[in-house]
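Novice: Please work out how this folds:
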Amino acid sequence: MIFSRLFFLYLFFPICFLCYFATKKTTYRNAVLIVFSLLFYAWGEPSFLWLILLSALVNFILGRAIDHFQDRTQGKLFLALGLVLNLGVLVGFKYTGFVIENLNQWFSLSIPVPDLPLPLGISFFTFRIVSYLIDCAWGKVKAERNFFTFLLYTSFFPITVSGPIARYETMQNDLHHRTISADDLSNGFGRIAIGVGKKVILADNLSSIVEQFLGDNITTQTTLGIWYGVILFALQMYFDFSGYSDIAIGIARIFGFHLEENFRHPFLCKDITEFWQRWHISLGTFFRDYLLYVPIFGKRRKIGGLLLVWFCTGLWHGASWNYIIWGIYYGLFIMMEMGIGKKGMKKIPAVIRHICNKLIIVVGFGIFYCTGSLTRLGDLFLAMAGQNGTGMTDAVLITSVRSNLFLLIAALLCCFPLLELPKKMMKKNPGVNLAFSVTGTILAAGLLIVSSILMVDATNMPFLYTKF
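Specialist: Next comes the predicted model:
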């Protein structure tokens, strides 16, 4: 089931909403969310519903055991068992074929490559559970004592498929006691409208242009055509994934859960380090908190830990060499910025910093796009460097820019924090709150109506991060 579909917006979610608010007791409301979360998951991946249920049961028991034997050898052993089981399942489903294919290629073997389906959302709910087990071992949280509450944390439908990677530490109070205000409802529905608009109006329309200029045409595309396609792919990725995050945060807010932001206008960054403080924040903070300082690199822990983080960040996105190259690529630039230092970076003119990091980011998205074959990635680099012999531009590119000018302008404008100014004005002048609130409600309703009209005859275009 996809958030940006009429069935979800006008049937599944309203029924869930009505059932949820038919009772005021948190226990019953949790039961409603569990039922709809499992139904939501089964709708998209019925053959793996058992996996999320079994994962919840096993990790509930492990969490209790880790908490009971905290700071003792038994607790460490239970934590190690939990990490092996959870990461083992993730690696088994996601990377077995990739490993065997490379072993066959490197050593001229003929090991059969299994065709394992990838369970929906496995990367996201696995990392949520891993963070829970580690936090239990570190004493940051107490282990959940109610299995059904933990099952809700594991399966909560707004975040199960594509995140954000919400930690138990963030959700634990809301899981047990939550109140819902008119502000929660207003903000929640507003975020849903914005997220759907990002996906349906911007990301889905950008995707057709990206397919036209990249797709299977990399070797025959002009230099500016390739850059145009990669830049629009970066925008498509941003609006697709941040749109999903907006919808997830909005739905959670309506049900009384206050999730942390996953995107903060990343293209406004002044350097690559700041970009990753603004992009997919829940993944970046996960690796920072749980992997950056693992004591396995001795005196070179900082550099070694940083390389490990970015290797894993790339690998997390998929079983393909381009993702690993993409992760290391960003890791090297962040190491470079660390070497220059914050004071040194500030001495570089802001214009130069913006130009350089935008070029680095665009090339990074080009690497991210070229899955499957390193040859394809090489062709992309040659085309971006103007070495594929097709010239700088052509009539197709000019026509595309002219035909999609309003879409391109809208996409660029929406990279900026357009809603921040009204919010600041509302804080400074409470008297305008009502006017801005009414205006915002009307605009959100209009955005949802336009998006709904576009969804009527739209083809099935799932969110890009569902495959990770």
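
Novice: rest of the way, CA atoms for contacts and neighbours
Specialist: Will do.

Novice: Now find how far off-centre whichever strand or helix holds I360 is within its chain.
Specialist: Per DSSP states H and E: I360 is located in helix 350-369. Chain-centre distance of helix 350-369: 20 Å, with Cα atoms, centre = their mean, to the nearest Å.

Novice: Could you point out the helix or strand that follows that helix?
Specialist: Heading C-terminal from helix 350-369 (DSSP H and E), you reach helix 374-384.

Novice: Buried ones in that next one, by neighbour count?
Specialist: For helix 374-384, the neighbour count (16 or more other Cα atoms under 10 Å) marks 376-377, 379-384 as buried.

Novice: same thing with stretch 382-394?
Specialist: Buried residues in stretch 382-394 (16+ other Cα under 10 Å): 382-384, 386, 388.

Novice: on that earlier part again, could you dump the buried residues of helix 374-384 to CSV with distance to T393 and pLDDT?
Specialist: Output for these, formatted as CSV (distance: Cα to Cα, whole Å; pLDDT from 0 to 100):
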residue, distance to T393, pLDDT
R376, 21, 90
L377, 21, 92
D379, 17, 91
L380, 16, 93
F381, 16, 93
L382, 15, 93
A383, 12, 92
M384, 12, 93
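
Novice: circling back to that earlier point, tell me the two of the buried residues of stretch 382-394 that are most distant?
Specialist: M384 and N388 (8.6 Å; Cα to Cα).

Novice: Settle this for me: G195 is touching G243, isn't it.
Specialist: Yes. Between G195 and G243 there is a contact at 3.8 Å, judged by Cα atoms under 8 Å.

Novice: Looking at the buried residues of helix 374-384, which is nearest L77?
Specialist: Using Cα to Cα, those come closest to L77 at L377, 42.7 Å.

Novice: Okay, helices next: where are they in the stretch 251-400 of the chain?
Specialist: 272-278, 281-290, 301-316, 321-347, 350-369, 374-384, 395-403 (DSSP state H, counting those that start in this stretch).

Novice: Do a quick rundown of the strands in this protein.
Specialist: Under the criterion DSSP state E, the chain carries no strands.

Novice: For the longest helix anywhere in it, what is the distance to the chain centroid?
Specialist: As assigned by DSSP state H, the longest helix anywhere in the chain is helix 73-107. Relative to its chain's centre, helix 73-107 lies at 22 Å (Cα atoms, centre = their mean).

Novice: Can you mark which positions in it are buried?
Specialist: 75-76, 78-79, 82-83, 85-87, 89-91, 93-97, 99-101.

Novice: same deal with stretch 349-367?
Specialist: 353-354, 357-358, 360-367.

Novice: cool, and stretch 441-457?
Specialist: 441, 444-445, 447-448, 451-452, 455.

Novice: now stretch 210-226
Specialist: Applying 16+ other Cα under 10 Å to stretch 210-226 flags 210, 212-214, 218-226 as buried.

Novice: if we can go back for a sec, closest to L307 out of the buried residues of helix 374-384?
Specialist: Once Cα to Cα is applied, the member of those that ends up nearest L307 is L377, at 21.8 Å.

Novice: Number of residues surrounding the residue lying closest to the closest one once chain neighbours are set aside?
Specialist: Excluding its sequence neighbours, the residue lying closest to L377 (Cα to Cα, 6 or more residues apart in numbering) is C370, at 5.4 Å. A count of neighbours around C370, defined by other Cα atoms under 10 Å, yields 21.
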